[in-house]
Structures are given as structure tokens and as C-alpha cells.
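Undergrad: based on what follows, work out the 3D shape:
(chains A and B)
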Amino acid sequence: MLKRFGVILLAVLFIGSMTGQGAASAQEKPTADADYAKTRVSKAGTFKAAYTSDPEAVPVNMLHSWKLKVETADGKPVKDAEITIEGTMPQHGHGMPTQPKITKNYGDGTYLVEGMKFSMPGWWMMTFSINAGGKTDSVTFNLRLK
Amino acid sequence: MVEVIMPRVISLTFAFLFFLIACLGSVSMAAGDNDLQQIHQWSEEDKKMIRSLSLSSLPLLPSDPSNAYADNPKALALGKKLFFDKRFSANGKVSCATCHIPEYFFTDKLALAKGMATTTRRTMPLIGAAYQAWFFWDGRKDSLWSQAIGPIESAVEHGVTRSFCAHLISDRYKSEYEGIFGSLPKINHRNCPPKASPGTGNPAALKLWYAMKPGDRDAVNRVYANIGKAIAAYVRRIVPSPAPFDRYVDAVLRNDLAAADKAVDRDAVAGMRLFIGKAKCTNCHIGPLFTNSGFHNVGLNNPKDKGREEGIDKVLSDEFNCLGKYSDAKPEECGELRFIDSNKSKYTGSFKTPTLRNVADRPPYMHAGQFKSLEEVLSFYKRSSSREVEHQELTTDELLKIEAFLKTLSGPLTPP
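TA: This next block holds a predicted model:
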């Protein structure tokens, strides 16, 4: 029963991520709350990633950090990922004022992302390109900052 | 009888008239209240936005881990003297206050700043500078103290050397300096030629500098950095004070619409709505200081000045940056520098978003003083084709209203 629920949840997230990607390419602002989920499946379905922000509410114009948790599609932690990060504002054609980097690998599939800074409120897209176990895929989170 | 009745009739008539007037009065008052409601009505989301712009949202002065003396009162007192001391210049006529005139909101009236000679940029406002991450129009400095010593060695600003400054401190400020920073190194003409410097671009000064012993160079650099740290202790206290806009927001938030109506005029309220809405000014001018501390190309197309593109390498290679040996910060406290966006091509012709606090008080505007008035700035934004500017749809009347709003951002300045 639980397993089935998990599959459904993953499917929902996957569809969510697909619509998210679709919206992004058309540069239309996502509207459904699912598009802003903090847990998302990567573009080709290879990984599942979740982020938490410190502070919890993602701030505007303040340097802060995130923790990114990366799992395989079947839920195993990805402990040795190489991750590159890019944040953009599709409606404005510019990126973040900083270059965030992974500064710590906790060894349990969790990574510390430092140097996060969003210069203005609005719709942001954070894309993490993940390379692990010979596979490369990217996961994109939409953010609605106030 | 008639005589008796008449006054009654008259008094009744008067009473009726009074009643009518009172009624009309209350009707017109009710209409006034409705007007006020309508004019000063803000959605919850908009209220959040105007609150975020008001001074009540300004956090306490942020600490500067790179300057251990930032909040030292003795450093502030010394810094204030240094700020106004014209001896720190080649002609004895230029101090920090030459361009940062306190009576003119710490800027000057010139399009291009003038020290020993004319520079290539407009003097930046110092109001709320301590809240910024980057300094100068191109962000080539990452702390207030490091910024403060930049102009001293510039040939067109103060036109002297760090060695000359070390002599001046040793000759004129020894006890004050030592009361803050500990004992001064021995400074004399043999170990520290007053013309020696690695930072002026003058080959003779550079030769003299490298003829000095490494320990002497280090000692002079340390004194030079401390001069900056003292000046920064003063400059960081130049903060904005409440302006009509802040009184307006406070009144709206406590639902005192009569007070709100008195705080600013109605054109300014309309301008405020445009500023946070249709005109999208808050894309860059956010927070209580009305700046995102970022760098943007607004389409001024000044081919002589690449702005932030060149500021990136300068701040990364600066020996007085947050990660350098003269900084008091731990490396993990230098987040802005460690995670600097070094993608230079993104920043060609980009300049720092300046604060809008007291903006109406201190023309001219932009990084090279291109515009004489706010009206000129706003009409430029309307015709700018820069992707980073989104003001094109505004009417002339709307621009006037935004200008009226900008005039409500001026409060008295009371520096220490």
C-alpha cells in the first residue's frame, strides 16, 4: 500500500517536474503550487532532489545557504555527486548576483550549497546539474520570492 | 403674540438650518473618509511591500567582521578627523569631504568628481553605505574600510601615497592612533620614503616601494589599512533618518489615514503605487535603502567605462580585500567575495544600484552624472532599450507621479 502511494507520489512529482520544464522553456511563469515544490525529480528521471534553505523562508538580497539532498529514482542516497548550480530569472534574462557552490559533502547524499543570493523578488529557477555514477541529469526548482 | 411667535419661528428656522448644515457637514466628512479610504487603500501584499521599503524595516547596522574597529568610538573620533583632514592630499586642499560634502548629503554637485583633477565618475552617496556588499560604482572594493583608502592613492583624487599617510599619522596622530591600534612602527624617511607606493601606477613610486624591506612595507600597509578602518567607523554611522514616506507607511500600517494623508501628497501616493507596481522600480530599488546592491546595465552606453566587468578582477586581486592579510575576518565570513559572480561578460557597462534615500536632494545622477534632474533620469528610463529596465510603458503624467514619490524619500541627515 505504502509502496503504491510512493509510486503515485513520484509520478505526481514527475509530472510536476515535466510541467515545470515545459513552462520554463516557454518562459511562462508556473502557476500550480506543485511547480514550486521543494522536492523534484530530475529532467530524465535519474535523480530525485530536495532542498532546504537556511533561513527556512528563502530570503531576498541576503547571502544564505541551502542543503540539497540527492537520491536515485528508487530512493537511494547519491553520495558522490558532482553538482553545478545555476540560478536564473527567466522573465528578466539575468542570473544570481553570486556563484553558489557545493562547499561540503555530508556523505549521506546531502550537500551544503553556499553563496545563495537572490537579488530581487519574483520567479526564479534554480537548476542543479548532477553527475553521479556515470549519469548526468539536471533538476530545476521554481521559486516564488516575495 | 405675533411678536412672541416670530422669534420662535426664527429660532426654529435657525435650528433647522443648523441641523441642515450639520447634516451636510457630516455627509461631506463621510465623503472625505471614503476618499481617504480609497486613496490610501493598499492590498495586504502591497502593504508588505511598502513596509519592506520603510525605515522601520532597516535592520541594525550590520557588523563588519573585516574591521575589528568598526564600532570602536575612539576609531570613529579619529576617522571623523581623518575624513576632513586636507593634509592627506598632494596639494593640501583635498579631503574625503571635498567630494563627500556633509551639507550636500555626502556627495557633491558635480557630474564628475573632482579632487586633484577631474575623475571619470560621479561621487557616490554614502548614506547607508555600511549595509552594502560592494563599494564604488564598479564594486572594486568589498568593505567600507578598503573603499576609504582607495581614493588616497588615486592621482586624480588625493594624489598621495600610503607611505606619506604613514608619516602623517606618525607626525600628527600618534597618540590617538596608538590608543586604538597599538604601537606605531618607526616611520622615517630611510625606511619609508614618503613617495613610495605600489598603488599609484607611478613607476618611480613603485621602485621606491620595492626598495623598502618587506617588514617595512607590511608595517606601512597595516597603518594604511587602519586609516581606512578608522574612517569606516565614522562613515558607517551615516545612516538615513525617517522621511515623509516612512511616516506615511507607519500611518497606513496603523490605519491612521488622516496622518497618512498629511505625510505625503496624493501624487506621491500614486507614484508609490507605480514604483512598486507598473513601473517595476523595485526590481532593483528594493529594501529600506532602495537598492539590491547589485550591478546593472541600464543602457547608458558609456563606451569609456566597462563598470563591474573590470571591478571583478580588481576586488579579487586587492590586497585589502576581505580575504587579505589586513582584514580581520575569518575566510568563512567573506561570503560575498568567496561566491562573487566572476562571469565578467555579464557585467559589461553595469554599475551599482545606488540608494534612493535623499535622492531628490543630491543631483546630478547616474555613474557619470549624466542627468541633471530626476525628471531627466525618469525620461531616460522610459526610452532606454536595456533588457534590465522595464519602464517603457509609462506616461509622462506617471513619470511626474514617480518623481513626486521620490521626493518623499528625504529625511534630515544627522551624521555623528
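Undergrad: now do the contacts for the residue of chain A found nearest chain B.
TA: When distances are taken as Cβ to the nearest Cβ, chain A reaches nearest to chain B at residue A:115, 2.6 Å away. C-beta: built from backbone N, CA, C; applies to glycine. Contacts of residue A:115 were listed using Cβ atoms under 8 Å, 6 or more residues apart in numbering or on different chains, and they are A:63, A:65, A:98, A:99, A:100, A:101, A:103, B:335, B:338, B:339.
Undergrad: low-confidence ranges in the chain?
TA: Here I'm looking at chain A. A:1-27 (pLDDT under 70).
Undergrad: that was the other one, I meant chain B.
TA: Applying pLDDT under 70 to chain B flags the ranges B:1-31.
Undergrad: what's the burial count for residue B:253?
TA: Neighbours of residue B:253 under the rule other Cβ atoms under 10 Å in any protein chain shown: 15.
Undergrad: please name the nearest non-neighbouring residue to it.
TA: Nearest residue to residue B:253, sequence neighbours excluded (Cβ to Cβ, 6 or more residues apart in numbering or on different chains): residue B:51, at 6.3 Å.
Undergrad: now for the helix or strand where the one you found lies, which elements pack on it?
TA: Using DSSP states H and E, residue B:51 falls within helix B:44-53. In this structure, helix B:44-53 packs against helix B:244-253, helix B:266-276, with contacts taken as 3 or more Cβ pairs under 8 Å, 6 or more residues apart in numbering or on different chains; DSSP states H and E.
Undergrad: what does the very next helix or strand once past it contact?
TA: With elements assigned by DSSP H and E, the helix or strand that comes after helix B:44-53 is helix B:73-84. Under the contact criterion Cβ under 8 Å, 6+ apart, helix B:73-84 has outside partners B:69, B:88, B:95-97, B:100, B:173, B:176-177, B:179-180, B:227, B:229-235, B:237, B:416.
Undergrad: and after helix B:73-84, which helix or strand comes next?
TA: helix B:96-99.
Undergrad: next helix or strand past that next one?
TA: Downstream of helix B:96-99, the first helix or strand assigned by DSSP H and E is helix B:144-149.
Undergrad: chain center to the helix or strand following that next one: distance?
TA: Using DSSP H and E, the helix or strand that follows helix B:144-149 towards the C-terminus is helix B:162-172. Centroid displacement of helix B:162-172 relative to its chain, using Cα atoms, centre = their mean, to the nearest Å, is 30 Å.
Undergrad: mind listing what the residue lying closest to residue B:415 once chain neighbours are set aside touches?
TA: Closest residue to residue B:415 apart from its sequence neighbours, by Cβ to Cβ, 6+ apart: residue B:238 at 5.0 Å. Neighbour list for residue B:238: B:106, B:126, B:127, B:128, B:129, B:413, B:415 [criterion: Cβ under 8 Å, 6+ apart].
Undergrad: the residue nearest to the third one when sequence neighbours are not counted and residue B:330, how far apart?
TA: Read it as residue B:127. Leaving out its chain neighbours, the residue that sits closest to residue B:127 by Cβ to Cβ, 6+ apart is residue B:357, at 4.9 Å. Distance of residue B:357 to residue B:330, computed by Cβ to Cβ, to the nearest Å: 31 Å.
Undergrad: so which of the two has more stuff around it?
TA: It is residue B:357, of residue B:357 and residue B:330, that has more neighbours when counted by other Cβ under 10 Å, with 26 against 11.
Undergrad: any idea which element that one lies in?
TA: Residue B:357 is part of no helix or strand, with elements assigned from DSSP H and E.
Undergrad: pretty sure it contacts residue B:289?
TA: Yes - counting by Cβ atoms under 8 Å, residue B:289 is a contact partner of residue B:357 at 6.1 Å.
Undergrad: how about the residues of chain B that lie near chain A?
TA: By the rule Cβ under 8 Å from any Cβ of the partner chain, the part of chain B lying against chain A is B:45, B:48, B:133, B:282-284, B:286-287, B:292-295, B:335-336, B:338-343, B:346, B:387-388.
Undergrad: residue contacts, the residue of chain B found nearest chain A?
TA: The nearest approach of chain B to chain A comes at residue B:339, 2.6 Å away (Cβ to the nearest Cβ). The neighbours of residue B:339, taking Cβ under 8 Å, 6+ apart as the test, are A:63, A:98, A:99, A:100, A:101, A:114, A:115, A:117.
Undergrad: skipping its backbone neighbours, what lies nearest it in space?
TA: Distance criterion Cβ to Cβ, 6+ apart; nearest residue to residue B:339, sequence neighbours excluded, is residue A:115 at 2.6 Å.
Undergrad: on the three-state scheme, the one you found is what?
TA: strand (DSSP: H, G, I helix; E, B strand; the rest coil).
Undergrad: again, but for the one 10 residues further on
TA: At residue A:125, secondary structure determined by three-state DSSP is strand.
Undergrad: please report how far it lies from residue B:301.
TA: Distance, residue A:125 to residue B:301, by Cβ to Cβ: 29 Å.
Undergrad: comparing the two, which residue is more hemmed in?
TA: Neighbours per residue (other Cβ under 10 Å) separate residue A:125 from residue B:301, with residue A:125 holding more: 20 against 10.
Undergrad: residue B:223 sits in which helix or strand?
TA: helix B:214-235.
Undergrad: and the angle from that helix to helix B:162-172?
TA: In terms of direction (axes from the mean of the first three to the mean of the last three Cα atoms, to 10 degrees), helix B:214-235 departs from helix B:162-172 by 70 degrees.
Undergrad: circling back to that earlier point, how much space separates the residue nearest to residue B:253 from residue B:38?
TA: 20 Å.
Undergrad: how about residue B:159?
TA: In terms of Cβ to Cβ, residue B:159 sits 59 Å off from residue B:38.
Undergrad: more neighbours, those two?
TA: Neighbour totals were compared for residue B:159 and residue B:38, and residue B:159 leads with 20 against 9 (other Cβ under 10 Å).
Undergrad: residue B:305 against residue B:368, yeah?
TA: Yes - counting by Cβ under 8 Å, residue B:368 is a contact partner of residue B:305 at 6.9 Å.
Undergrad: can you list residues touching both of these two?
TA: B:120, B:121.
Undergrad: can you pick out the residue with more neighbours from the two?
TA: Between residue B:305 and residue B:368, counted using other Cβ under 10 Å, the more crowded position is residue B:368 (20 against 17).
Undergrad: what helix or strand does the more buried one sit in?
TA: Here residue B:368 is assigned to no helix or strand, by DSSP H and E.
Undergrad: so how far is residue A:126 from the residue lying closest to residue B:281 once chain neighbours are set aside?
TA: Counting by Cβ to Cβ, 6+ apart, residue B:281 lies nearest to residue B:275, which is 4.6 Å off, once chain neighbours are set aside. Note on residue B:275: its distance to residue A:126, by Cβ to Cβ, is 28 Å.
Undergrad: so who does residue B:252 touch?
TA: B:40, B:42, B:47, B:50, B:260.
Undergrad: most widely separated two among the residues you listed?
TA: B:47 and B:260 (11.8 Å; Cβ to Cβ).
Undergrad: looking at those two, which is more packed in?
TA: Under the neighbour definition other Cβ under 10 Å, residue B:47 and residue B:260 were set side by side, and residue B:260 has more, 22 against 14.
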